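Predicted model follows, preceded by the sequence.
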There are 2 protein chains.
Amino acid sequence: MTTTAEIINKEQLLRHWQGHRFLTRRVIEAFPEKDFFEFTIGGMRPFSSLASELLSIGVPALKSITSGKVSPYTEEGFDLKTKEEYLQKWDKDTEEINQLWAQIPEEDFEKTFNLFGQYEFPIINNVLYFIDNEVHHRGQGYVYLRALGIEPPFFWERW
Amino acid sequence: MTTTAEIINKEQLLRHWQGHRFLTRRVIEAFPEKDFFEFTIGGMRPFSSLASELLSIGVPALKSITSGKVSPYTEEGFDLKTKEEYLQKWDKDTEEINQLWAQIPEEDFEKTFNLFGQYEFPIINNVLYFIDNEVHHRGQGYVYLRALGIEPPFFWERW
């Protein structure tokens, strides 16, 4: 028995994250094609740019963590032109996240990693940050959808 | 040793939640008094109503979990009329959450609890939901602030 019991395990956290990613995918789907790339409020980025950010974090971060190779954050190489291309990339990354996740030993989550050469925190904190960042930006996407007169998916439907 | 290692402990999760609550407090502060109660986009609720929802979840949920008494969700009794009253209530609840959290045994987090007589999930899932819900609504508050021409606090500043 450990003296400080832990309350979330590795599989639960992956499922939690993928549940959020499922919902974000539905938010991408809910946007009209044009608005996905163009609609903004208050000088913020369109939802396609927020989706690019999320895609630039998930798989690249896990690749860096599993390989031990520190690389700077970049959104280069995201030459996605349509919603459909975003959704295909999203689904590809869903699988890749599952595979990369399996390569992180449980005991490594508490170890510090200098993510993107910039965020030197325990891996668990970095992962929680990915999830929070996704929920945060998706919440913004909900406002865009409402402003467009579109009903967003239910927040609690994750599968 | 446990066979499935867990990766987040009880104290870490409380700190994570309170870090988010600290940031939400700063978002409340950032709103002009009038806009906090009146500004909306796309027929959504003003940020004061979203803050009321968060206040109606945190302490009431933990009280219910620690007492074992199932009570329906209610926003009644929130007779807060100014931003300052919201902030005072927020700070009071910060302390109360710390105290109530300490009363939940670590082994209880995996136990199912019928929160508000409506959400029958393991306590850990309910707590993750509180946090996600707060991040989600706060993300909406960021759009309100941007639409008002106000720079929101940095997302990563939690203390």
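Alright, I've got the coordinates. Numbering: from 1, shown residues only, chains lettered A, B, ... in the order given.

any residue of the lowest-mean-pLDDT helix or strand in chain A up close to chain B?
When the helices and strands of chain A are scored by mean pLDDT, DSSP states H and E, strand A:6-9 comes last with a mean of 83. Yes. Contact of strand A:6-9 with chain B is found when judged by C-beta under 8 Å from any C-beta of the partner chain, involving A:6-9. Backbone N, C-alpha and C define where each C-beta goes, glycine included.

Given that strand, what are its sheet partners and their directions?
Paired neighbours of strand A:6-9 in the sheet (DSSP bridges): strand B:6-9 (antiparallel).

how far is the strand it pairs with from where the chain is centred?
With C-alpha atoms, centre = their mean, to the nearest Å as the basis, strand B:6-9 stands 21 Å off its chain's centre.

tell me which strands and helices the helix or strand encompassing residue A:144 is in contact with?
For residue A:144, the enclosing helix or strand under DSSP states H and E is helix A:123-147. The helices and strands touching helix A:123-147, judged by 3 or more C-beta pairs under 8 Å, 6 or more residues apart in numbering or on different chains; DSSP states H and E, are helix A:10-30, helix A:47-67, strand A:112-115, strand A:119-122, strand B:6-9, helix B:10-30, helix B:123-147.

among those, which is nearest residue B:89?
Among the helices and strands packed on helix A:123-147, helix B:10-30 comes nearest to residue B:89, with 10.3 Å by C-beta to C-beta.

Pull the closest one out as PDB, backbone CA atoms only.
This file holds the C-alpha atoms of helix B:10-30, laid out as PDB (Å, rounded to 0.1, in the frame of the first residue of the first chain):
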ATOM      1  CA  LYS B  10      -5.900  14.000  -3.400                       C
ATOM      2  CA  GLU B  11      -3.800  17.000  -2.500                       C
ATOM      3  CA  GLN B  12      -2.700  17.600  -6.100                       C
ATOM      4  CA  LEU B  13      -6.300  17.500  -7.300                       C
ATOM      5  CA  LEU B  14      -7.400  20.000  -4.700                       C
ATOM      6  CA  ARG B  15      -4.600  22.300  -5.600                       C
ATOM      7  CA  HIS B  16      -5.400  21.900  -9.300                       C
ATOM      8  CA  TRP B  17      -9.100  22.900  -8.600                       C
ATOM      9  CA  GLN B  18      -8.200  25.800  -6.400                       C
ATOM     10  CA  GLY B  19      -5.700  27.000  -9.000                       C
ATOM     11  CA  HIS B  20      -8.600  27.200 -11.400                       C
ATOM     12  CA  ARG B  21     -10.800  28.900  -8.900                       C
ATOM     13  CA  PHE B  22      -8.200  31.500  -8.300                       C
ATOM     14  CA  LEU B  23      -8.200  32.200 -12.100                       C
ATOM     15  CA  THR B  24     -11.900  32.300 -12.300                       C
ATOM     16  CA  ARG B  25     -11.900  34.800  -9.400                       C
ATOM     17  CA  ARG B  26      -9.600  37.000 -11.500                       C
ATOM     18  CA  VAL B  27     -12.000  36.800 -14.500                       C
ATOM     19  CA  ILE B  28     -14.900  37.900 -12.200                       C
ATOM     20  CA  GLU B  29     -12.700  40.800 -11.100                       C
ATOM     21  CA  ALA B  30     -11.900  41.800 -14.700                       C
END
